[in-house]
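Peer 1: my questions concern the predicted model and sequence given below.
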Amino acid sequence: MLEGTSISRPVGRTEANGAIQAVQSGVNTALLLFLLLLVAVSALTCLYVYQVNAITKIQNETWYTQQEIARLDLETAPLQLELAQMQAPQVIDSESAELGMKTGGPALRAPVLATDAPDQPGGDVFSAPMLRTIVEWLSARAVRAGVQLPLSSVLGYR
C-alpha cells in the first residue's frame, strides 16, 4: 500500500508523539537558553548603568569641589596680599621703631633642638643641654634688663 512513497511503513501515534515531544523539548531548551542569555545581558546592563551613574556623580562632586576651591582662592587673595604687605621689611621696621625697638642689627636665627629637627634649614642645631644653657642665660639677661621673658616657662625649663 505504501510502496513507492517515502514512508515505507505507517507511523504510529506513539512515534508521532515522541517526535513532537523531541521537537518541543528542543524548543524549550532553546527558549530557556535564550531567556538565560537575556537575563545575563540585562544584569550586565544594570551593572554598567550603575557604574556610569556612580562615576558621573563623582565627577560632579569633583567639579563642585574645584569650583569651591577657586572661589575660596579668590576670597583669600586680598588677605594674602595684605599679609604680604604686612610682612614687608619697611612695615616691620616702621612698627618696630614705633614700639621703640632697635632695628638694623643682624638677624637672629632661632635654635632648633637636635632631637626635634636635625636637618631643618634656617636654624642652628643645638643639643638639649646647650639649649637649656642658652635659655637660662637669656632669662637672666632679661631679668637684669628689667624685661619679663617667659622663655623658661614656655620651653618647659625652670
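Peer 2: All right, it came through fine.

Peer 1: tell me the domain ranges of the chain?
Peer 2: Following the assignment in automatic domain parsing, the chain carries domains at 14-106, 108-155.

Peer 1: and those domains, which one averages the lowest pLDDT?
Peer 2: Lowest mean pLDDT within the domains of the chain: domain 108-155, at a mean of 62.

Peer 1: could you pull out the helices in the chain for me?
Peer 2: Applying DSSP state H to the chain gives helices spanning 13-86, 89-98, 128-145, 151-155.

Peer 1: could I get these as JSON lines with mean neighbour count?
Peer 2: Any C-beta I mention is one placed from the backbone N, CA and C, and that applies to glycine too. Shown next, in JSON lines, are these (neighbours: other CB atoms under 10 Å):
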{"stretch": "helix 13-86", "mean neighbour count": "10"}
{"stretch": "helix 89-98", "mean neighbour count": "11"}
{"stretch": "helix 128-145", "mean neighbour count": "13"}
{"stretch": "helix 151-155", "mean neighbour count": "12"}
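
Peer 1: can you get me a residue count around residue 102?
Peer 2: For residue 102, the tally of surrounding residues (other CB atoms under 10 Å) stands at 7.

Peer 1: show me the contacts for it.
Peer 2: By CB atoms under 8 Å, 6 or more residues apart in numbering, the residues touching residue 102 are residue 96.
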